[in-house]
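Engineer: sequence-free structure coming up:
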DNA sequence: TTGTAAGCGTTATCAC
DNA sequence: GTGATAACGCTTACAA
């Protein structure tokens, strides 16, 4: 992993950009014997004004022959639209994001937009910086996957009139459009399954409550458990700063250290955390699910194949991405569109990591 | 994936101009009592001409007070640089790509560049279309993760003088810079481990040979096996069109159908394919590794936790991404830079999915 | 139906 | 040191 070797050169073909000057719209116009504006009208397909078919043909032929491709930057300067949008996420290596981004991109391409992506690593300052960068007229709108319940970036977007859709998470007041998973519903279903298996001592690894997902999952779990006469003792809840496996491991250690007896179940705020917790338990000699049950959320790839297969909650991430793109495109088309909240219903995936309650006290 | 040309112009979007007109450089100039060009000099920090400190201060204060942020599009039109680069991959939901993209983005942000991403779904036409879109002056250069051994996109980039670096894969002739994993080395190590465990009947699930990764892995495997007196019978090789789990499943079925006895080992071209094969074997009642061994490549997240843990080859993907970004930035700074090939050495990860040869014939 | 001309906001290149 | 001016390549009222 450390040993790199640089192989020197084959020979370079031609010098660089210095070469062929870009063919521009006036070149096409000259070749077709018309004015640049006519070329623009034809190639852009503006329907308000028609051009005669033969002129149009001549222009298209010339453009083709010269290999003309419009300079999108120049066009953007004039039209005030870059036909690209920004997507900001915490960490693209969190498996929950790629399917969402894929869904977004697919829909955007259909609409002729490009996608600019940015990772912020859970750093609010990086979130703000990324947003500023993107909205220096680089993008027409933003899809925000880092949204906090009260989010400075969202406020900034609102103040600056930047079209913005929140994906996966939402703000407290719903002043911007969002496409989210119904976390409460997912957690209710999970709580029901936990109660049905006779578990009484429930623990949770929760995440910062300024993210709607984290908050709704914790509250949903509490409410769901309460419906079956169960609760979460404060000693049985640990908060992690980031929702990854390493933090999950650490949190599980904390949980197990707090009391002599391990809990019956550890409910992870997401799959990565649950996997970290699972490893921590196994490292301490606790077998899952016979000694302890563990659950996650998101159903990321391969959690159905680990040992034991992880009980989790699944959702249609590409669909969530696609719908957020749709929503943003709607806002772009009509800035007066009211903020909308789209909830996508999740589905419980029962697997072996959630077993029957152990016969311990 | 192909039809993303023009959408009928619904209504000229008035991108984020909800109300407040953007403050522009002339506003700052007026507020500071200087000319716009002076503002530009100060804010941009061009060192060729010095501005008196108090004027500079006045300008910075005014800019701050007015909340001025330069219009990057307008600047790009003038400077001919957008300070963003494009990253093209087959499929961002393939876990091999996110760490690479993360490495690329980190390095780019440090250098003040943004990243535009695009997925092509293994479709050469989509690759070409994406490249054209991006290089309509939207990006200064491209990092290509879809590179084929002879690649029209690379040729196009060369002809058009678009700075381009290939990541993960490379072309046959090495006419463009590339940062790759040393697949042959990885496969040699794997072949050695296979031979050492007494396996004789080796099968492979290979991928299209127009990708350097696929070709080098297959050839590396062949060479590695040959070094131990083993070979790959043609009946024991299946090619998949895409390197995902579904195709791996299908390919394994094909392999198992071809002969009465299953092979001792199935070597997957990557982890996803190996996982699909593993599931297919298990579905047919073959236990891994007691009845059959299976190996992958890439060491994607969680393959160490599945049942059985997957033997695979790992590499430093963020490093590969970062180095490709470095290389592109170098080409951007000095277009005369010679094409360079960087090889990153991989490391074998021996896990339970590779066991001893079964005692069958 | 097509041409004319005025920008879009910034920066490079001159003057002064 | 600072200001004036002319692009950068394209789009779009408006004129013809």
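Structural biologist: The structure has been received and is ready for your questions. Source: prediction; values computed, not measured.
Engineer: Please count neighbours and contacts with C-alpha atoms only from this point.
Structural biologist: Will do.
Engineer: all strands of chain A, in order?
Structural biologist: Counting by DSSP state E, the segments of chain A that form strands are A:4-7, A:84-89, A:114-119, A:141-144, A:164-168, A:177-181, A:202-206, A:237-239, A:265-268, A:293-295, A:312-314, A:341-344, A:347-349.
Engineer: and the second one, anywhere near DNA strand D?
Structural biologist: No. Judged by CA under 7 Å from any atom of the strand, strand A:84-89 makes no contact with DNA strand D; its nearest approach is 14.6 Å.
Engineer: quick one: low-confidence parts of chain A?
Structural biologist: Judged by pLDDT under 70, chain A has its weakly predicted residues at A:1-20, A:47-49, A:360-361.
Engineer: List the buried residues for the longest helix anywhere in it?
Structural biologist: Among the segments of chain A that qualify as a helix by DSSP state H, the longest is helix A:317-333. Across helix A:317-333, burial judged by 16 or more other CA atoms under 10 Å in any protein chain shown covers A:317-329, A:331-333.
Engineer: Please compute how far stretch A:46-62 lies from its chain's middle.
Structural biologist: On the basis of CA atoms, centre = their mean, to the nearest Å, stretch A:46-62 sits 42 Å off its chain's mean C-alpha point.
Engineer: Kindly report the same for stretch A:80-96.
Structural biologist: The answer for stretch A:80-96 is 8 Å, by CA atoms, centre = their mean.
Engineer: same deal with stretch A:73-83?
Structural biologist: That offset, for stretch A:73-83, works out to 27 Å (CA atoms, centre = their mean).
Engineer: Show me which residues of it are buried.
Structural biologist: Along stretch A:73-83, the positions that meet the burial threshold by neighbour count (16+ other CA under 10 Å) are A:73, A:74, A:76, A:77, A:80, A:81, A:82, A:83.
Engineer: check whether it contacts DNA strand C.
Structural biologist: Yes. Using CA under 7 Å from any atom of the strand, we find that stretch A:73-83 touches DNA strand C at A:74, A:75, A:77, A:78.
Engineer: how about the third one, what does it touch?
Structural biologist: Each residue near residue A:77 by CA atoms under 8 Å, 6 or more residues apart in numbering or on different chains is listed here: B:73, B:74, B:77.
Engineer: Alongside DNA strand D, which residues does chain A contribute?
Structural biologist: Checking chain A against DNA strand D by CA under 7 Å from any atom of the strand, the hits are A:22, A:24-26, A:36-38, A:40-41, A:44, A:46, A:69-72, A:74-75, A:77-79.
Engineer: any idea how far the closest residue to residue A:310 other than its chain neighbours lies from DNA strand C?
Structural biologist: On the basis of CA to CA, 6 or more residues apart in numbering or on different chains, the spatially nearest residue to residue A:310 that is not a chain neighbour turns out to be residue A:353, at 5.0 Å. Taking CA to the nearest atom of the strand, to the nearest Å as the criterion, residue A:353 is separated from DNA strand C by 56 Å.
Engineer: Show me which residues of the stretch 51-200 of chain A sit near chain B.
Structural biologist: For the stretch 51-200 of chain A, the contact set with chain B under CA under 8 Å from any CA of the partner chain comprises A:69-74, A:76-77, A:79-81, A:92-93, A:95, A:98-99, A:102, A:105-106, A:109-112, A:114-119, A:136-138, A:140-141, A:160-163.
Engineer: one more time with 6 Å
Structural biologist: With the criterion set to CA under 6 Å from any CA of the partner chain, the stretch 51-200 of chain A comes near chain B through A:71-72, A:74, A:77, A:92-93, A:98-99, A:109-110, A:112, A:115-116, A:136-137, A:140, A:161-162.
Engineer: Can you give me the distance of residue A:343 to DNA strand D?
Structural biologist: As defined by CA to the nearest atom of the strand, residue A:343 lies at a distance of 36 Å from DNA strand D.
Engineer: I'd guessed that residue sits against residue A:177; true?
Structural biologist: No. Contact between residue A:343 and residue A:177 fails when scored by CA atoms under 6 Å: they sit 11.1 Å apart.
Engineer: Compare the two (neighbour count), which wins?
Structural biologist: residue A:177 (24 against 14; other CA atoms under 10 Å in any protein chain shown).
Engineer: Which residue does the stretch 201-350 of chain A have closest to chain B?
Structural biologist: Closest to chain B within the stretch 201-350 of chain A is residue A:306: 3.7 Å, counting by CA to the nearest CA.
Engineer: residues touching the residue nearest to that residue when sequence neighbours are not counted, list them.
Structural biologist: Once its chain neighbours are removed from consideration, residue A:306 has its nearest residue in residue B:306; the separation is 3.7 Å (CA to CA, 6+ apart). Taking CA atoms under 6 Å, 6 or more residues apart in numbering or on different chains as the contact definition, residue B:306 lies against A:305, A:306, A:307.
Engineer: Give the burial count for the nearest residue to residue A:152 once chain neighbours are set aside, as a bare number.
Structural biologist: Using CA to CA, 6+ apart and skipping residues adjacent in sequence, the residue nearest residue A:152 is residue A:128, 7.6 Å away. Here the number of neighbours of residue A:128 (other CA under 10 Å) works out to 17.
Engineer: quick one: residue A:143 from residue B:303, how far?
Structural biologist: With distances taken as CA to CA, to the nearest Å, residue A:143 is found 31 Å from residue B:303.
Engineer: which one of those two has more residues nearby?
Structural biologist: Between residue A:143 and residue B:303, counting by other CA under 10 Å, residue A:143 is the more crowded of the two (27 against 24).
Engineer: Mind listing the residues bridging to the more buried one?
Structural biologist: Applying DSSP bridges to residue A:143 gives these bridge partners: residue A:87, residue A:165.
Engineer: Would you confirm that it contacts residue A:84?
Structural biologist: No. Under the contact definition of CA under 6 Å, residue A:143 does not touch residue A:84, with a separation of 11.2 Å.
Engineer: Now residue A:228: closest residue in space, sequence neighbours ignored.
Structural biologist: Leaving aside its chain neighbours, residue A:228 sits nearest to residue A:195 (6.5 Å; criterion: CA to CA, 6+ apart).
Engineer: what's the distance between the one you found and residue B:120?
Structural biologist: As for residue A:195, its distance to residue B:120 is 45 Å (criterion: CA to CA).
Engineer: and if you look at residue A:105?
Structural biologist: Where residue B:120 is concerned, residue A:105 sits at a distance of 10 Å (CA to CA).
Engineer: Can you show me the helices along chain A?
Structural biologist: With DSSP H, the ranges of helices along chain A come out as A:25-32, A:36-44, A:53-66, A:72-79, A:97-110, A:124-134, A:152-160, A:183-196, A:212-226, A:245-258, A:271-283, A:317-333.
Engineer: so can I have a markdown table of these showing distance to residue B:273?
Structural biologist: As requested, the helices of chain A are exported to a markdown table (distance: least, CA to CA, whole Å):
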| stretch | distance to residue B:273 |
| --- | --- |
| helix A:25-32 | 48 |
| helix A:36-44 | 44 |
| helix A:53-66 | 42 |
| helix A:72-79 | 40 |
| helix A:97-110 | 19 |
| helix A:124-134 | 36 |
| helix A:152-160 | 41 |
| helix A:183-196 | 31 |
| helix A:212-226 | 33 |
| helix A:245-258 | 24 |
| helix A:271-283 | 22 |
| helix A:317-333 | 22 |
